[in-house]
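# coords please:
(2 chains)
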Amino acid sequence: MGHRPAVSIAPMVILAVLAGMFALAAESAIAQADKGAPAAKNWTPPKTPWGDPDLQGTWTSDDCIGTPLNRPANLGETLYYSKQELAQRESQLAKQQQNDLQEFVAPDQRVGTGPPSHWAERARRPCKQTSLVVDPLNGRTPDLLPEAQTRRIPEGANNDNPKADSWEDFSYYIRCISRGVTGSIFPVIYGNGQQILQAPGYVTILQEMVHEARVIPVDGRPHASPRIRSYMGDPRGHWDGDTLVVETTNFLGNRTGIGLNGGGTPTSDALKLIERYTRTGSSEIEYEVTIDDPKTFTRPFKVAFPLTQEPGYQNFEYACHEGNYAMSNSLSGARAQEKAAAEAAKKK
Amino acid sequence: MRKTLAFVLVAGVVSLAAEPVWAHHAFAAEFDSSKPIKLKGTVTKMEWINPHAWIHIDVKGEDGKVSPWMIEAAAPNSLLRRGFTKNSLLPGMEILVEGYQAKDEAHRANGSSITFTDGRKLFVGAPAGEPGAPPRKDK
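Model (predicted):
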């Protein structure tokens, strides 16, 4: 042996960092830092050879990994961290990176329920926001309408009382079918890659996880007939100056929600999304989406976060159902639980 | 102590430090938080498959009988981004695994701590870009 870890490594570094971030935010919720990311001076947004704004490249929402969709209530209307808070968060990220690079796991490490923490994909710089929801001002998803409150949330999509009788009870994400439009771009713990490719009249976005490909016409054509419905909807784009605006309608409804990975209460067939992609520098896009579902939410709301380009970052294939053992394992787990419950009932 | 570690079902309560960070399924659907396990085993293969990789190990029980176990790892694309390659874990290597057993009591577990037998990490996580890529500094 003779090897000793140089630093005692906390087992759940991510969570410690998140807890730290939360505490920092709570300490000075009044602070309001520099807002967003204005376009850099002396930087001209590039154009494609055919004259459209050029958004091409592989982008990732990694920097807001761990930022909650809904702002903790105690932070009130504070959307941005202060400069001081951001500096602290930056040093926490640096510390986390140092811990990741330690050769040894601390002997007293407590075992959590996720994989080893140093295997996780990480934010490269601190997210400036306290929540992904930016409107309403409280940073929280609006209330559900009564008709939406009874809509079933599938197993694995934030369902707090799961009971899987069949593979059909699982979320469309767990079934490797789709995370929906917002679920495919909101930052999650891995696989946040968004590759944008353009051609005259089209913008295509290839999304790593669950390998979606959104082919978005930007040639002014109207939406498909409302009788044509799909999981990812029918997108139509246009340019508002240098901003790509994408309106998506024609959703099937009752498939995925607006939570991370498409979780939460499923949205309806009346869902309309308006996304805005604005390149604010050579390696940053400000992304914003307005979510309007008059059969689900009491009002429209907005989610926003940055997408960045990173050296060497690329999409890899995500053949989701290749080895989705979790599906059969979860079903056999549910049966084992039922059996145990039945045996316990007999003994009574 | 380590030499007799072969296959130890840890009876003590191991506190769950946090919500699961698996992305593609709920920990609670598949694994039993009341069945913590601690295994020492020899790698027979690693399946680099989506949505999560699986490590196969042979575990020798106290009676000398060898049982195969499957250990769930992270997403293969994440592992690659963090510097884990197909040479990081090869058949014949011995590893220690701590995690929780499957609810149906099959020889499957999640791998919350997976190390070599001397406590070294299986690999050291590279910065969160392509293996070896430094984070961008201009923001």
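# pLDDT wise, what is the most centrally placed residue in chain B at?
Most central in chain B under CA atoms, centre = their mean is B:Gly111, positioned 3.0 Å from the mean C-alpha point. Listed pLDDT for B:Gly111 reads 89.
# And A:Lys35, by the same measure?
Predicted confidence (pLDDT) for A:Lys35: 46.
# Surely A:Thr182 touches A:Gly263?
No: counting by CB atoms under 8 Å, A:Thr182 stays clear of A:Gly263, with 10.5 Å between them. Backbone N, C-alpha and C define where each C-beta goes, glycine included.
# Count the neighbours of the residue of the stretch 101-250 of chain A found nearest chain B for me.
Closest to chain B within the stretch 101-250 of chain A is A:Gly114: 3.2 Å, counting by CB to the nearest CB. For A:Gly114, the neighbour count with other CB atoms under 10 Å in any protein chain shown is 26.
# what ranges do the strands span in the stretch 1-150 of chain A?
According to DSSP state E, counting those that start in this stretch, the stretch 1-150 of chain A carries its strands in the segments A:57-60, A:133-135.
# Make JSON lines out of those strands and add distance to A:Ile196.
Formatted as JSON lines, the strands of the stretch 1-150 of chain A follow (distance: least, CB to CB, whole Å):
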{"stretch": "strand A:57-60", "distance to A:Ile196": "6"}
{"stretch": "strand A:133-135", "distance to A:Ile196": "22"}
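# Need the winner for burial among the ones you listed.
strand A:57-60 (a mean of 22; mean count of other CB atoms under 10 Å in any protein chain shown).
# Could you chop chain A up by domain?
A:1-30+A:82-125, A:46-76+A:132-308 (automatic domain parsing).
# wait, which of those domains is closest to A:Cys320?
A:Cys320 sits nearest to domain A:46-76+A:132-308 of all the domains of chain A, at 3.5 Å, using CB to CB.
# if we can go back for a sec, apart from its chain neighbours, what residue comes closest to the residue nearest to the centre of chain B?
Once flanking residues are discounted, B:Gly111 sits nearest to B:Ile71: 4.2 Å by CB to CB, 6 or more residues apart in numbering or on different chains.
# Quick one: residues contacting the one you found.
B:39, B:54-57, B:97, B:99, B:108-111, B:114 (CB atoms under 8 Å, 6 or more residues apart in numbering or on different chains).
# what about the chain, any weak spots by pLDDT?
Here I'm looking at chain A. Scanning chain A for pLDDT under 70 picks out the ranges A:1-40, A:106-111, A:160-162.
# Please refer instead to chain B.
In chain B (pLDDT under 70), the answer is B:1-25, B:125-139.
# Which neighbours in the sheet does the top strand by length along it have, and how are they oriented?
Secondary structure of chain B per DSSP state E: the longest strand is strand B:31-47. Within its sheet, and counting by DSSP bridges, strand B:31-47 is paired with strand B:7-9 (antiparallel), strand B:54-60 (antiparallel), strand B:94-102 (antiparallel).
# Is it correct that A:Arg179 is in contact with A:Gly191?
No: between A:Arg179 and A:Gly191 there is no contact under CB under 8 Å: 10.1 Å.
# got any residues that touch both of these two?
A:Met209.
# Show me where the chain has its helices.
All of this refers to chain A. A:13-27, A:83-100, A:146-149, A:180-183, A:325-347 (DSSP state H).
# Chain B is the one I meant
B:27-30, B:76-81.
# For the shortest one, give me every contacting residue.
Meaning helix B:27-30. Taking CB under 8 Å, 6+ apart as the rule, helix B:27-30 contacts A:113-114, A:155-156, A:162, A:164, A:326, A:329-330, A:333-334, B:20, B:33, B:100, B:102-103, B:110.
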